[in-house]
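S.K.: This is a predicted model, with the sequence first.
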Amino acid sequence: MKGHGSFLVCIRVLRQYTVRAWHGAALPGRYDPNTPRGGSLARFNDFIAELKRRRVIRAMVVWGVVAFAVLQVFEPVMHGLHLPEWTLSFVVVVLGLGFPITAALAWVFDLKASGIERTPPVGGEGSGSPATSRPPRGRLLLLLGLGFAAAAPGLVYFFVWPGAGRHPAEVSGASSAGPVVPSIAVLPFANLSSDKEQEYFSDGIAEEILNALAQVDGLRVIGRTSSFSMKGKNEDLRIIGQRLSAANLLEGSVRKSGSRVRITAQLIEAKGGSHLWSQEFDRELTDVFAVQEEIAHAVVAALKLKLLPATPDGQRTVNPIAHDQYLLGLAYFARGSGNSYERAVQALRKSVELEPGYAQAWAALAKALFWSADQSAKGDPGADWPRALAAAEKAIALAPSRADGYSARGLLRHLALQDQAGARVDLERALSLNPGSPGILVEYASLLAAMGRSPEAIATLQKAAALDPLSADIPALLSAVYLGTGQLALAEAAASHALELSPENGRAARFLGFALLLDHRIPEARAAFHRSSNAFFVSMGDVMVEHSLGHAAESQRAAVEQHDAGLTYLKYDPLLGGLRGDPRYKALLRKVNLPAD
C-alpha cells in the first residue's frame, strides 16, 4: 500500500530532523522529563510507540484504502455524468486533507465495540483526566505534519507527475517542447445495409477516410489495425480514446441501397465525449470518392487544421464496381492468411480489369500477389513476383504523387528481389509522401534491420507502434530485431505482446520460440512454435528443438536459389551468430546484396 510506505518514510525522516525540536509533556507513566533516559531520542521513540498504541498508523492506512476506492468509483462516474475536470481535482484535495484530520482524530479517539471512545493514557483510565488524551500543541503539529506527509505522494503524483490524471493526448503534448499535435482515430463505420455481407464496404469507406487524413501535415492519425480492433465493441469513448492514444474519434455508419449510399459521420472529442461535428451524406455510388474527400475536409476543418491538399492523380475511378472489388480485396488482405491473400488477389484483379487506371488497386494487387506467393500453398513466386512488380510499376506510373506504389515496389525490391538500394529509395520516397503511415514505417524498419541498422529499426518500429498500438505485426517484427541484438527478454516480451493482440500471428509464435530456444528453455520453445498458424514454422521449430536436444536432423534448403524472403534476416538472425566469422557467410551476404561489413 503506497500510503503505508509513505508514512514509514516520513517516520524515518522525522526521526532524524525533529528530535532536536521536541516539545510537549512526557507520556504519562512511561517517561519522566526529570529522569535521564536517553533524552530527546527516547521521547521520540515513546511517541512512536504511542502512535501504534493509539492505532494512528492503522487509521491512516485505512483512510488511504478508502481514498483510493473513492477515486476509482468517482472518476468513471464523473466522466459518465460529464462533470467538469475540476471536480476530480477537488475530490483529490479533500481526500488528501483527510490524512492529517484522520491522524489527529485517531490520537484522541478509539473505535471499540461499545462505540467511539476517548483513548486513555498509558496508565489506564484512572491515571489521568480525559483531557490528557489530547496531544500538546507540539505533538499535534507533528501529527498534522505526518498526515500531510502521507498525503503528499498522492497529491504530487496527481498534480505534478507527468501524465497523472490527464488524458494521453495531453500528456504527449505536455511532455514535448513543441506544440500539441492533434490526433484522431477513424473507427470502423457501422454497416446499416440490409445485406450484412456489405460490411467490407463500410470498412473500406472508413479506411479510405483514414488514408486521406493521414496525408495531412500536423495531424497524427492512428493506424488501421488499432482503430479497427474497436470494431463491434460497445465501450466508453473515453476508454477507446485512452487505448488508442487519440484525442479525437471519427465514427459513422454506411447504408448502401441499390445505386445510392448514405454515410453518416461524427467527430467526437474522446476525453469529454463532446460532439465537434456531424453530418450526413446522401450520394450516388459513382460519387463515393467525392463523399470520402468531403468528409475528410470537414473533419480537418473541425480540427482547425489546413484543408487537405489537392486530390492526387490516379485516386478517382468512375466505376463503382471496381471500387467495390478494391474494398473487398483490402478486407481479405487484412486477414493475413494464405487463403485470404489468394482471395484478395482475385478481387483486386477484377478491380483493375474493370478500371485499368485505378492506381490504388494496382498497388494493393502488387502486395497481395507477393504475400500470396510467399504464404499460400498455391503460391508461385517464380510467376507471381514478376507480376507483382509489374503491378507496382503500373501504380507508380498512374499516380506518381501517391505513396502506395512506391511502398509496394519497395517491399518487392527488399523481400523478393534483394535489391536493397532500390528498396531504400522507394521506401524513403513513400515516407516522404506519407510519413504517418504505420505500414510504410514497418516496411522501412524491416529494410533497416536487414541492412544491420538495428537501433534505427527499433526506433522506427516504436514510432509505428505509437501510431498503431494494437497492431500485432509491429511487436512481432520488433521481437525479431531484438533477437538480432541479443536482447532476449525484450524479444520474448514483444513476441508475447503480439500474440496477446493476435493469438494466430504465426511469425510472433516463431520469434517467441526463437527467444525461448536461445534462452535454453527447450520445452517452452517447442510449445511456442506450435502456437504458430503457419505449418512450416511449426515443423521448422520441431527440427530446431530436436537439434538443440542433440538429436540428428538433416534439413537443408536451397534458399538463395529460391529467393526466399527469409533471407532478409541474415544480418540479424541470432541463430546464425556462430557463422558470422566464416568467409562463406560474407560471400552469402554479398550474393543477396546485403552489406558484408
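M.R.: On my side now, so go ahead.
S.K.: Residues touching the lengthiest helix in the chain, excluding its own?
M.R.: Determined from DSSP state H, the single longest helix within the chain is helix 56-80. Contacts of helix 56-80 with the rest of the structure, by C-beta atoms under 8 Å, 6 or more residues apart in numbering, involve 1-4, 7, 51, 87-88, 91-92, 95-96, 98-99, 102-103, 105-107, 143, 146-147, 150, 154, 236, 238, 272-273. All C-beta atoms are positioned from the backbone trio N, CA, C, and that covers glycine.
S.K.: now those residues: which count as buried?
M.R.: Neighbour-count burial within the contacts of helix 56-80 applies to 3, 7, 51, 88, 91-92, 95-96, 98-99, 102-103, 106-107, 143, 146-147, 150, 154, 238; the criterion is 16 or more other C-beta atoms under 10 Å.
S.K.: out of those, which are inside helices?
M.R.: In helices, judged by DSSP H, the following of the buried ones among the contacts of helix 56-80 are found: 3, 7, 51, 88, 91-92, 95-96, 98-99, 102-103, 106-107, 143, 146-147, 150, 154, 238.
S.K.: Measure how far the longest helix of the chain is from the centre of its chain, please.
M.R.: The gap between where helix 56-80 is centred and where its chain is centred comes out at 28 Å by C-alpha atoms, centre = their mean, to the nearest Å.
S.K.: do stretch 182-193 as well
M.R.: Computed by C-alpha atoms, centre = their mean, the chain-centroid distance of stretch 182-193 equals 19 Å.
S.K.: got it, and stretch 241-260?
M.R.: For stretch 241-260, the distance from its own C-alpha centre to the chain's C-alpha centre is 20 Å (C-alpha atoms, centre = their mean).
S.K.: now swap in stretch 330-343 and tell me
M.R.: Mean C-alpha position of stretch 330-343 versus that of the full chain (C-alpha atoms, centre = their mean) differs by 24 Å.
S.K.: Please apply the same query to stretch 278-294.
M.R.: Relative to the chain's own centre, stretch 278-294 is displaced by 32 Å; criterion: C-alpha atoms, centre = their mean.
S.K.: for stretch 399-418, same thing?
M.R.: Taking C-alpha atoms, centre = their mean, one finds the center of stretch 399-418 at 27 Å from the center of the full chain.
S.K.: Also stretch 256-265?
M.R.: Mean C-alpha position of stretch 256-265 versus that of the full chain (C-alpha atoms, centre = their mean) differs by 33 Å.
S.K.: Just the mean pLDDT for it, thanks.
M.R.: Across stretch 256-265, pLDDT averages out at 82.
S.K.: Okay, now that stretch: how far is its last residue from its first?
M.R.: Its start and end residues considered, stretch 256-265 measures 15 Å (C-alpha to C-alpha, to the nearest Å).
S.K.: what residues does it touch?
M.R.: Around stretch 256-265, the neighbours that count as contacts under C-beta under 8 Å, 6+ apart are 189, 193-195, 198, 201-202, 205, 209, 250-255, 278-286, 288, 291, 295, 298-299, 320.
S.K.: Which ones among those map onto strands?
M.R.: Judged by DSSP state E, strands contain the following of the contacts of stretch 256-265: 250-255, 278-284.
S.K.: What's the PyMOL line that selects buried ones from those residues?
M.R.: Paste this into PyMOL to select the buried members of the ones in strands among the contacts of stretch 256-265, with burial taken from 16+ other C-beta under 10 Å:
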select buried, resi 250+251+252+253+254+255+281+283
